[in-house]
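In: structure for this input, please:
(4 chains)
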Protein chains: 4
Amino acid sequence: MNAQSLDLTAKDTFRYWTDDLVRFADLDRVGHVNNVAFAVYLETGRVDFFEHAWPGSTEGKSTGWVIVRMELDFRAQGHFPNKVRIGTRITRIGRSSCTLGQGIFLGDTCIATSNSVTVWANTDDGVAVPIPDDMRAALLALSGDGPRGNG
Amino acid sequence: MNAQSLDLTAKDTFRYWTDDLVRFADLDRVGHVNNVAFAVYLETGRVDFFEHAWPGSTEGKSTGWVIVRMELDFRAQGHFPNKVRIGTRITRIGRSSCTLGQGIFLGDTCIATSNSVTVWANTDDGVAVPIPDDMRAALLALSGDGPRGNG
Amino acid sequence: MNAQSLDLTAKDTFRYWTDDLVRFADLDRVGHVNNVAFAVYLETGRVDFFEHAWPGSTEGKSTGWVIVRMELDFRAQGHFPNKVRIGTRITRIGRSSCTLGQGIFLGDTCIATSNSVTVWANTDDGVAVPIPDDMRAALLALSGDGPRGNG
Amino acid sequence: MNAQSLDLTAKDTFRYWTDDLVRFADLDRVGHVNNVAFAVYLETGRVDFFEHAWPGSTEGKSTGWVIVRMELDFRAQGHFPNKVRIGTRITRIGRSSCTLGQGIFLGDTCIATSNSVTVWANTDDGVAVPIPDDMRAALLALSGDGPRGNG
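Out: Have a look, this model is predicted:
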């Protein structure tokens, strides 16, 4: 698994998909899907991915995922009305942190890509804690990578 | 002006400031200011900065600013209720593109920093057009850099 | 058509349906779907209904629908993740105004109902203008009422 | 205290005021402040009012305020950028329920009014519980009514 070589604009990079619907409320005064809505779509995919891999992990009980960095490349305008599909996968997983690669698609068109770094942490004080082995395996399985050590 | 050397977590990096208020609606189910709200605060600062430098430039008439990349580093939790202050400055300005450095502060605490790349473009087809000289000067003046060529 | 006698909590009151997806971003710090999100779901249904009846009518070109009153009864908690279905129908249509009855459903459970009054108006000055006959017929047909005079 | 006779469009009806800032993100594609943003401003005022009267009462711990009905009259367009001021007062308080009257103002112009019914309830099952006497007194004092029986 080599994050650098992943093409997040290609649909076959992703095995896990989440749907969202473009809302009228997502439009700005220029009539485009606002940049903030893209961050919402990423969140939709991210929460769905984490929750699907490990039910309850996004409920903020004692430990949870804290996002520490988000990179978002806007590649095309979004349109309303429409359905967006968000592909989510792991590009790197460490002791406490998990980097997600995501692509937002309108049909076959990639309208945005993102890398975001999240940390498994105590929800009260934000201190990072090790990702449990079971959850790590579930995350990798869902991402489609399987357990690997061969980069 | 050297973008690499700018410390976006320091208040004195910024001369232009915009206020926003943390809303109850900005909280997520963990009780924290949601990551998406940080993107909203950045937008609040960005639009205010562009509009203040050049009134009308964010109204989407024939030409406008299109955001093409956003990097956002989350540094501390946001709290409600609260006032946030967003510092915005130019870190690089090219023929058609303008890179903004921003810091979000709660009091003296920097809770997030961001670099975002925006392009001055035709609002219909998204094709980049040169930043007019007058607007460029106004942007640099507002940023606090003044016209410069000494990096 | 007697608005008073309509049961907006009953699914068979509606023939026109719009889907929306509950987003993580719709939750508040209590973990419930925030009341504001209900207003968003109503908008999703309302814009879809108007736009489906008369394409372009919600784009704000010279004339458009202006909402002047919204009544919203919250009947049950919303949950995440989930799909909501919004039923929309006309309960009264006058010379320039159109009253919509709406129900928001999670599966078979009605979680909210609403009556809202909208006016067909000049988008610049907000002055009401008569609803064109063709659009009126299309609205009534979509609502499932058909043209009627027996109110 | 007679709810019917209160003029919610008059600034002197209110003694408790909350500020909010119109955000670029509050605009819709027509360039107006979206109707949903009005519901957000009401929430801003409502949460601030409840929290100010009784700190912690909106945190959703065992008991909290549940909104059961919202009526919202849109009276004028909102503009960006701008500060809105939200006046909030009690128009009726019962054993478990509290009806709020609110006005949203841009300068001296009332752009919306609202009546909303909230219930003090168990946050788990939504069952209404009596408003504690101390909190009731604090709410009335903040509203500017003081304890009264003289209608």
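
In: rest of the way, CA atoms for contacts and neighbours
Out: Noted.

In: is any part of the longest strand anywhere in chain A close to chain B?
Out: Secondary structure of chain A per DSSP state E: the longest strand is strand A:109-122. No - using C-alpha under 8 Å from any C-alpha of the partner chain, strand A:109-122 stays clear of chain B, coming no nearer than 9.3 Å.

In: repeat for stretch A:48-55
Out: No - using C-alpha under 8 Å from any C-alpha, stretch A:48-55 stays clear of chain B, coming no nearer than 14.0 Å.

In: buried set for that stretch?
Out: A:48-54 (16 or more other C-alpha atoms under 10 Å in any protein chain shown).

In: which element is the residue most central in space within chain A on?
Out: In chain A, the centroid-proximal residue (C-alpha atoms, centre = their mean) is A:Arg46; its distance is 3.6 Å. For A:Arg46, the element it lies in under DSSP states H and E is helix A:35-53.

In: that helix - contacts with which helices or strands?
Out: strand A:16-22, strand A:82-93, strand A:97-106, helix A:133-143, helix B:35-53 (3 or more C-alpha pairs under 8 Å, 6 or more residues apart in numbering or on different chains; DSSP states H and E).

In: the helix or strand just after the longest one close to chain A?
Out: On the C-terminal side of helix B:35-53, the nearest following helix or strand under DSSP H and E is strand B:63-74. Yes - contact between strand B:63-74 and chain A is present through B:67-74 (criterion: C-alpha under 8 Å from any C-alpha).

In: what is the neighbour count of A:Asp134?
Out: Neighbours of A:Asp134 under the rule other C-alpha atoms under 10 Å in any protein chain shown: 9.

In: so A:Trp120 sits right up against A:Lys61, yeah?
Out: No - with contacts counted by C-alpha atoms under 8 Å, A:Trp120 stays clear of A:Lys61, the gap being 11.8 Å.

In: for those two, work out which one has more neighbours and name it.
Out: A:Trp120 (22 against 12).

In: what's near enough to touch the more buried one?
Out: Applying C-alpha atoms under 8 Å, 6 or more residues apart in numbering or on different chains to A:Trp120 gives the contacts A:63-66, A:96-98, A:128-131.

In: what do you get for A:Phe80?
Out: By C-alpha under 8 Å, 6+ apart, A:Phe80 lies in contact with A:22-24, A:27, A:32-33.

In: got the residues of chain A near chain C?
Out: A:20-21, A:23-25, A:40, A:43-44, A:47.

In: so can I have JSON lines of these showing distance to D:Thr88 and pLDDT?
Out: Shown next, in JSON lines, are these (distance: C-alpha to C-alpha, whole Å; pLDDT from 0 to 100):
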{"residue": "A:Asp20", "distance to D:Thr88": "36", "pLDDT": "97"}
{"residue": "A:Leu21", "distance to D:Thr88": "35", "pLDDT": "96"}
{"residue": "A:Arg23", "distance to D:Thr88": "30", "pLDDT": "95"}
{"residue": "A:Phe24", "distance to D:Thr88": "29", "pLDDT": "93"}
{"residue": "A:Ala25", "distance to D:Thr88": "26", "pLDDT": "92"}
{"residue": "A:Val40", "distance to D:Thr88": "31", "pLDDT": "97"}
{"residue": "A:Glu43", "distance to D:Thr88": "34", "pLDDT": "96"}
{"residue": "A:Thr44", "distance to D:Thr88": "34", "pLDDT": "96"}
{"residue": "A:Val47", "distance to D:Thr88": "36", "pLDDT": "96"}
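
In: from A:Phe105, how far off is the residue nearest to the centre of chain A?
Out: Going from A:Arg46 to A:Phe105 by C-alpha to C-alpha, to the nearest Å gives 15 Å.

In: quick one on the thing from earlier: need the contacts of A:Phe80 in CSV (columns: neighbour count and distance to D:Phe14).
Out: Shown next, in CSV, are the contacts of A:Phe80 (neighbours: other C-alpha atoms under 10 Å in any protein chain shown; distance: C-alpha to C-alpha, whole Å):
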residue, neighbour count, distance to D:Phe14
A:Val22, 22, 38
A:Arg23, 23, 35
A:Phe24, 26, 33
A:Leu27, 24, 34
A:His32, 18, 38
A:Val33, 22, 38
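
In: filter those down to the ones near chain D?
Out: A:24, A:27, A:32.

In: and of the residues you listed, the nearest to D:Ser5?
Out: The nearest member of the ones next to chain D among the contacts of A:Phe80 to D:Ser5, counting by C-alpha to C-alpha, is A:Phe24 at 36.9 Å.

In: what's the distance between the closest one and A:Val40?
Out: From A:Phe24 over to A:Val40 the distance is 14 Å, taken as C-alpha to C-alpha.

In: again with A:Cys110
Out: For A:Cys110, the distance to A:Val40 - C-alpha to C-alpha - is 16 Å.

In: cool, and A:Val129?
Out: 26 Å.

In: tell me which of the two has more neighbours.
Out: More neighbours surround A:Val40 than the other of A:Val129 and A:Val40, with 20 against 15 (other C-alpha under 10 Å).

In: ok, now which ones touch the more buried one?
Out: B:36, C:25.

In: any idea what A:Arg85 is bridged to?
Out: Beta-bridge partners for A:Arg85, by DSSP bridges, are A:Asp19, A:Phe105.

In: just the mean pLDDT for stretch A:119-130, thanks.
Out: Model confidence over stretch A:119-130, given as mean pLDDT, is 91.

In: ends of that stretch, what's the gap?
Out: Start-to-end, stretch A:119-130 (C-alpha to C-alpha) is 9 Å.

In: list the buried residues for that stretch?
Out: Neighbour counts over stretch A:119-130 (16+ other C-alpha under 10 Å) mark A:119-123, A:126, A:128 as buried.
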